[in-house]
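Asks: coords below, sequence missing:
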C-alpha cells in the first residue's frame, strides 16, 4: 500500500472518529488531561 493511501485512510478514520461525537470528544479530553497531569507531575 503506497504511503499516500495509508495517510489518506488514517485521515479518514480520524475525521470519522471526531464526527462520532460526544464519546470521541470525551475520550480525547480525558487523554489530554492525563497527558497534562503527567507533564506537570
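Replies: Thanks, I have it. What you are looking at is a predicted structure, and each value in this text was computed from that prediction instead of being measured. Numbers count the residues shown, from 1 in each chain.
Asks: same question for the helix of greatest length in the chain, mean pLDDT?
Replies: In the chain, taking DSSP state H as the definition, the longest helix is helix 22-40. For helix 22-40, the mean per-residue pLDDT is 88.
Asks: start at 110 instead
Replies: Let's use 110 as the start, then, which means that last one is helix 131-149.
Asks: and it, how far from the chain's centre?
Replies: Centroid separation for helix 131-149 versus its chain: 10 Å, with C-alpha atoms, centre = their mean, to the nearest Å.
Asks: give the contact list for residue 112.
Replies: Applying C-beta atoms under 8 Å, 6 or more residues apart in numbering, we find residue 112 in contact with no residue. Bear in mind the C-beta positions are built from the backbone N, C-alpha and C, glycine included.
Asks: how far off centre is the helix or strand hosting residue 117?
Replies: Taking DSSP states H and E as the definition, one finds residue 117 inside helix 112-128. Distance of helix 112-128 from the chain centroid (C-alpha atoms, centre = their mean) equals 10 Å.
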